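In: Show me the folded form of this:
(chains A and B)
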Amino acid sequence: EAGVTQSPTHLIKTRGQQATLRCSPISGHTSVYWYQQALGLGLQFLLWYDEGEERNRGNFPPRFSGRQFPNYSSELNVNALELEDSALYLCASSLEKLFFGSGTQLSVL
Amino acid sequence: GENVEQHPSTLSVQEGDSAVIKCTYSDSASNYFPWYKQELGKRPQLIIDIRSNVGEKKDQRIAVTLNKTAKHFSLHITETQPEDSAVYFCAASKGYGQNFVFGPGTRLSVLP
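Out: Residues are numbered from 1 along each chain as shown, chains lettered A, B, ... in the order given. Now for the predicted structure:
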């Protein structure tokens, strides 16, 4: 059974650009979560989608947004990139237990 | 909303010793408590979990205990090995289809 998959693995952007990160959950999982992990730090909750709807969002500005598609895959969009957005972005999916993807390393130059 | 605290933030032990990491949660409705291990450069991996109807759960060298009255739960690692060195995260959830709230993490170093 395939795990949570994320693409791309690495993404390099310049300040002010937009980034799109993608996530495919484990088959059968309807909930998708996005977390930001800055180097050496904890898991900062970004967004939670379930059955196509946004259920909750963390303490992040509106330029962080996303969506969940009918097949339960998800996209995270970050507009007007800032240097401090450089981090590992982890996607996780859940039916009851939470499983993580390998992440997208976003570097903003 | 739920708040999860985790202590200590860093922990160093000698190989073969035991390690204990403690978490407290604030919402008495939380009923599912997983622990994750994140090695350097890798994804967080679920290593053990416990539900609120159970007081203790063991899996080889790791165990988790839960005290619902005090709203705290702990991860115990016995006979630590260098490969146990990682960051450990605790979390709390109200169960199926609910959000997960994570603690800030504990960096465990096992010294040979």
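
In: Can you tell me who residue A:93 pairs with across the strands?
Out: For residue A:93, the beta-bridge assignment (DSSP bridges) gives partners residue A:32, residue A:99.

In: That one: neighbour count?
Out: 27 (other Cβ atoms under 10 Å in any protein chain shown). Where C-beta positions appear, they are placed from N, C-alpha and C, glycine not excepted.

In: Same check on residue B:40?
Out: By other Cβ under 10 Å, the residues close to residue B:40 number 8.

In: Quick check: pLDDT value at the residue positioned nearest the centre of chain A.
Out: Central residue of chain A (Cα atoms, centre = their mean): residue A:34, 3.8 Å from the mean position. At residue A:34, the model reports a pLDDT of 97.

In: now swap in residue B:97 and tell me
Out: 72.

In: My read is that the residue nearest to the centre of chain A contacts residue A:47, right?
Out: Yes. The criterion here is Cβ atoms under 8 Å, and residue A:34 meets it with residue A:47 at 4.6 Å.

In: who in chain B is up against chain A?
Out: Neighbours of chain A within chain B, by Cβ under 8 Å from any Cβ of the partner chain: B:32, B:34, B:36, B:42-46, B:49, B:89, B:91, B:93, B:95-97, B:99-105.

In: again, 6 Å this time
Out: B:43-44, B:96, B:99-100, B:102, B:104-105 (Cβ under 6 Å from any Cβ of the partner chain).

In: Please indicate which of those residues are buried?
Out: Buried members of the residues of chain B next to chain A, scored by 16 or more other Cβ atoms under 10 Å in any protein chain shown, are B:43-44, B:99-100, B:102, B:104-105.

In: can you pull out the strands in the chain?
Out: No chain in the question, so chain A it is. Using DSSP state E, the strands of chain A run over residues A:5-7, A:10-13, A:19-24, A:31-37, A:44-50, A:53-57, A:64-68, A:74-78, A:87-94, A:98-100, A:104-108.

In: wrong chain, I was asking about chain B
Out: B:4-7, B:10-14, B:19-25, B:32-38, B:45-51, B:56-59, B:62-67, B:72-77, B:86-93, B:100-102, B:106-111.

In: Dump those to CSV, plus distance to residue A:29 and mean pLDDT.
Out: Putting those into CSV (distance: least, Cβ to Cβ, whole Å; pLDDT from 0 to 100) gives the following:
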stretch, distance to residue A:29, mean pLDDT
strand B:4-7, 23, 97
strand B:10-14, 32, 98
strand B:19-25, 24, 98
strand B:32-38, 15, 97
strand B:45-51, 14, 96
strand B:56-59, 23, 96
strand B:62-67, 23, 97
strand B:72-77, 25, 97
strand B:86-93, 14, 96
strand B:100-102, 13, 93
strand B:106-111, 27, 97
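
In: Serialize those strands to JSON lines and add fields for distance to residue A:53.
Out: Formatted as JSON lines, the strands of chain B follow (distance: least, Cβ to Cβ, whole Å):
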{"stretch": "strand B:4-7", "distance to residue A:53": "25"}
{"stretch": "strand B:10-14", "distance to residue A:53": "39"}
{"stretch": "strand B:19-25", "distance to residue A:53": "26"}
{"stretch": "strand B:32-38", "distance to residue A:53": "22"}
{"stretch": "strand B:45-51", "distance to residue A:53": "25"}
{"stretch": "strand B:56-59", "distance to residue A:53": "33"}
{"stretch": "strand B:62-67", "distance to residue A:53": "31"}
{"stretch": "strand B:72-77", "distance to residue A:53": "30"}
{"stretch": "strand B:86-93", "distance to residue A:53": "18"}
{"stretch": "strand B:100-102", "distance to residue A:53": "17"}
{"stretch": "strand B:106-111", "distance to residue A:53": "34"}
